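**Q** Sequence and predicted structure, then a few things I'm wondering about:
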Amino acid sequence: MRILPQAFRGAAVGASAVVLAVSSLGGCSHPTAPGTAAKPAPSATSVAAGTVVWPGPQPSSADEARAQLAALTVAQPRPMTGYSRDRFPHWNMQGQGCDTREVILKRDGQSVSTDAKCRATSGSWTSVYDGLVINDATKIDIDHVVPLAAAWRAGADSWTDDQRSALANDLTRPQLAPVSSASNRSKGDQMADAWKPPVKDAWCPYAKAQVNVLAFYKLTVTEAQRTAFGQMIDTCPAGS
């Protein structure tokens, strides 16, 4: 059993910056076959490629991510025996009648309005993975940047459900991002060696975010994942 950081034992809660988000109702997670993608929602429109702004808590600098990556333990994936999304209780209540998903929608959207039950009734969200802009909160997925099934294979199989819930509801680190359903379904439970955001400008913050989360929770990586992370971090602009 790994000794986890004190902050992890207490479960991460707290909010951060505002910016983006995107399509369909659930979250990232059921293990999916590589390359399966849903069609974009009719309400989604594409935006021109440009500078990507990561939503919510910001990933570290590229130099810090490289140092964290070098310190990660390289290991073979652990078996999926016993895995279930229910072992990662998620969308916990976060106060004021809002659950984790609702907090993300308000935090990362633009001009978001909510009803008395904290449900987003209007607003605009931009999917950091594929650049789609969506104006319907019901068509947004909240992605677990480090997928839950991938976390299980990387060591979370030995955690308690409370520890897994901390990862699944982490509002403090760059672990939760509103994205289009198409990009979320395409990603599934794959890591950086098997899936990369369609928008290449997102590779840098995406890789840094995954490495930051893996390092905090003391999860492992495969050699192929470590290589892919390094290559993606090398796309970061100087000084980022």
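**A** Looks like it came in fine.
**Q** Counting neighbours, which bits of the helix or strand containing residue 226 end up buried?
**A** Using DSSP states H and E, residue 226 maps to helix 223-233. For helix 223-233, the neighbour count (16 or more other CB atoms under 10 Å) marks 225-226, 228-230, 232-233 as buried. (Each C-beta comes from the backbone N, C-alpha and C, glycine too.)
**Q** what mean pLDDT does stretch 201-210 have?
**A** For stretch 201-210, mean pLDDT is 98.
**Q** For this structure, just list every one of the strands.
**A** Ranges of strands in the chain, per DSSP state E, are 45-46, 110-114, 120-126, 132-134, 141-144, 176-179.
**Q** Adjacent strands (with direction) for the third one?
**A** It stands for strand 120-126. strand 110-114 (antiparallel), strand 132-134 (antiparallel) (DSSP bridges).
**Q** picking up where we left off before, dump the buried residues of helix 223-233 into JSON lines; add distance to residue 144 as well.
**A** Listed next are the buried residues of helix 223-233 as JSON lines, based on distance: CB to CB, whole Å:
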{"residue": "225", "distance to residue 144": "16"}
{"residue": "226", "distance to residue 144": "20"}
{"residue": "228", "distance to residue 144": "18"}
{"residue": "229", "distance to residue 144": "17"}
{"residue": "230", "distance to residue 144": "22"}
{"residue": "232", "distance to residue 144": "18"}
{"residue": "233", "distance to residue 144": "20"}
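**Q** ok, which pair from these is furthest apart?
**A** Farthest-apart pair in the buried residues of helix 223-233 is 225 and 233; separation 12.3 Å (CB to CB).
**Q** Which residue is the nearest non-sequential neighbour of residue 201?
**A** For residue 201, ignoring the flanking residues on the chain, the nearest one in space by CB to CB, 6 or more residues apart in numbering is residue 52 at 4.3 Å.
**Q** Please apply the same query to residue 105.
**A** Closest to residue 105 by CB to CB, 6+ apart is residue 120, at 4.5 Å.
**Q** Distance check, the one you found against residue 91.
**A** Taking CB to CB, to the nearest Å as the measure, residue 120 and residue 91 are separated by 14 Å.
**Q** Those two - which one has more neighbours?
**A** Of the pair residue 120 and residue 91, residue 120 is the one with more neighbours under other CB atoms under 10 Å, namely 21 against 16.
**Q** Next up, the contacts around that one.
**A** Applying CB atoms under 8 Å, 6 or more residues apart in numbering, we find residue 120 in contact with 102, 105-106, 109, 112-114, 137.
**Q** for the protein, longest helix please?
**A** Using DSSP state H to assign secondary structure, the helix with the most residues in the chain is helix 203-216.
**Q** Where does the prediction get shaky in this protein?
**A** Scanning the chain for pLDDT under 70 picks out the ranges 1-51.
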